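Colleague: Predicted model follows, preceded by the sequence.
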Amino acid sequence: MTIVLWILIIAFFILSFVGLIFPIIPSVAALWGGFLLYVFLIDAGELSVWFWIGTGLLTLLILGSDLIASQFFVKKYKGSKWGERMAAIGVILGSFIYPPIGLIVVPFILVFVAEMIASKNANHAVKVAIASLFAFLSSTFAKFIIQLVMISWFFIEVIW
């Protein structure tokens, strides 16, 4: 039975990385699903208080990374609130349209159109659309690294 549970835990961890490409899959929930499966069905006392505090804080960082990156890049290039909104909508829609290509193209197009409507300046619209692309890529990379740290920490706690 323990082997089956470990397979499920690892599947949850893999699913958390798949969620980076398909945002409709809740990466954080999958990650925590693996942690909680271990705690409730394998060994309740194995993970330290520091693990729970640390992963809780890292989870907040993961949840805020999209917002932080989007605001940083779009504001840096003086994008509109509609540009920010279209970037978020584009990521969701793009996850259904030939991912991972849709995740890059759809938000770019939506931000470009929103900024063209707002500013009537194609050069500005392209810059903001590229900024939103960098925001998505940088937040995805950050989430990947943070998830990797959390999973590594989990295995270190379990092994030692």
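Modeller: Perfect, I can see it now.
Colleague: and the closest residue to Tyr77 other than its chain neighbours, how many neighbours does it have?
Modeller: Distances taken as Cβ to Cβ, 6 or more residues apart in numbering place Ala131 nearest to Tyr77, at 4.2 Å, with adjacent residues excluded. For glycine as for every other residue, the C-beta is placed from the backbone atoms N, C-alpha and C. Ala131: 24 surrounding residues under other Cβ atoms under 10 Å.
Colleague: from memory Ala131 sits against Val74, does it?
Modeller: Yes: the pair Ala131 / Val74 is scored as a contact, 5.5 Å apart, by Cβ atoms under 8 Å.
Colleague: Output the contacting helices and strands for the lowest-mean-pLDDT helix or strand in the chain.
Modeller: Using mean pLDDT, DSSP states H and E, the weakest-scoring helix or strand in the chain turns out to be helix 81-94, at a mean of 85. The contact analysis (3 or more Cβ pairs under 8 Å, 6 or more residues apart in numbering; DSSP states H and E) places helix 81-94 against helix 49-76, helix 101-119, helix 122-159.
Colleague: what do you get if the cut-off is 6 Å, keeping everything else the same?
Modeller: Applying 3 or more Cβ pairs under 6 Å, 6 or more residues apart in numbering; DSSP states H and E, one finds that helix 81-94 contacts helix 49-76, helix 101-119.
Colleague: Tell me the buried residues in that helix?
Modeller: With burial defined by 16 or more other Cβ atoms under 10 Å, the residues of helix 81-94 counted as buried are 83-84, 86-88, 90-91, 93-94.
Colleague: Need those in JSON lines (columns: distance to Ser119).
Modeller: Shown next, in JSON lines, are the buried residues of helix 81-94 (distance: Cβ to Cβ, whole Å):
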{"residue": "Gly83", "distance to Ser119": "9"}
{"residue": "Glu84", "distance to Ser119": "14"}
{"residue": "Met86", "distance to Ser119": "13"}
{"residue": "Ala87", "distance to Ser119": "15"}
{"residue": "Ala88", "distance to Ser119": "19"}
{"residue": "Gly90", "distance to Ser119": "18"}
{"residue": "Val91", "distance to Ser119": "22"}
{"residue": "Leu93", "distance to Ser119": "23"}
{"residue": "Gly94", "distance to Ser119": "23"}
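Colleague: Nice, that's everything, thank you.
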